[in-house]
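**Student:** pasting the sequence and the predicted coordinates here, then a few questions.
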Amino acid sequence: MLLTILAEGAGAGGPLQDPTFWVAVGVLVVFAIMLWTKVPKLVGGMLDNKIAEIKTTLDEAADLRKEAEALKAEYEAKTAGAQAEIEALMDSAEKEAAILVKEAEAETKALVARRKKMAEEKIGAAERSAIAAVRAKAATAATQAAESLIAARHDAAADKGLIDKAIGDIGKTLN
């Protein structure tokens, strides 16, 4: 644009009296100052920092997903183990009941009922214990993940909103 104005003579008074010429010179000076003060490098650095922050967040999310999958696999393994234990306890109770039936049929009926109830209670206790252990580990992992995410992303204003929401949800949870 500047070259075009100079080539045409920029009006009757020459290029120095033309306002368009001075606007073009001003724009060139602003661009030169921006390049001299390395503004593009600063903007690039800010964008690189933002990209690194997003990448870190994505890595944390991937780690949390891996932890959740590991907890799920552990829970499924414990559940399968509890099922095998249930089956083993049931088999044991049935064999014991068959032996007692041969010895005394009248006495065996009462004994079988008591043993079966005990086996079911042991099974129920084993299931509750396995579920409680998995829940405790999941709660610990979730708490640690929440602490790290909250510490990294929330300030006092965001914490106030979360606390208000949590207090509001307590009534729903308890009911």
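**Tutor:** Perfect, I can see it now.

**Student:** longest helix anywhere in the chain?
**Tutor:** helix 39-103 (DSSP state H).

**Student:** packing partners of it?
**Tutor:** Secondary-structure packing of helix 39-103 (3 or more CB pairs under 8 Å, 6 or more residues apart in numbering; DSSP states H and E): helix 105-153. Where you see a C-beta, it was placed from the backbone N, CA and C, and this is true even at glycine.

**Student:** C-alpha coordinates for the next helix or strand after the helix it packs on, CSV please?
**Tutor:** Helices and strands here follow DSSP states H and E; after helix 105-153, the next one along the chain is helix 156-174. Backbone C-alpha positions of helix 156-174 (Å, rounded to 0.1, in the frame of the first residue of the first chain) are rendered in CSV as follows:
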residue,chain,number,x,y,z
ALA,A,156,-11.7,-19.9,47.4
ALA,A,157,-14.7,-18.8,45.3
ALA,A,158,-15.0,-22.2,43.5
ASP,A,159,-14.6,-24.0,46.8
LYS,A,160,-17.5,-22.0,48.3
GLY,A,161,-19.7,-23.1,45.5
LEU,A,162,-18.7,-26.7,45.9
ILE,A,163,-19.2,-26.6,49.7
ASP,A,164,-22.7,-25.1,49.2
LYS,A,165,-23.5,-27.8,46.7
ALA,A,166,-22.2,-30.6,49.0
ILE,A,167,-24.2,-29.3,51.9
GLY,A,168,-27.3,-29.2,49.7
ASP,A,169,-26.7,-32.8,48.6
ILE,A,170,-26.2,-34.1,52.2
GLY,A,171,-30.0,-34.1,52.7
LYS,A,172,-30.6,-36.1,49.5
THR,A,173,-27.8,-38.6,50.3
LEU,A,174,-29.1,-39.3,53.9
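
**Student:** what's the angle between helix 156-174 and helix 105-153?
**Tutor:** 160 degrees (axes from the mean of the first three to the mean of the last three CA atoms, to 10 degrees).

**Student:** give me the below-cutoff pLDDT ranges for the chain.
**Tutor:** For the chain, the stretches with pLDDT under 70 are 1-15, 100-101, 104, 106, 108-109, 150, 154, 174-175.

**Student:** again, only this time at 50
**Tutor:** 10 (pLDDT under 50).

**Student:** one step back: now the longest helix of the chain against helix 105-153, angle please.
**Tutor:** Going by the same axes, to 10 degrees, helix 39-103 makes 170 degrees with helix 105-153.

**Student:** tell me how far helix 39-103 is from the chain's mean position?
**Tutor:** Computed by CA atoms, centre = their mean, to the nearest Å, the separation of helix 39-103 from the middle of its chain amounts to 14 Å.
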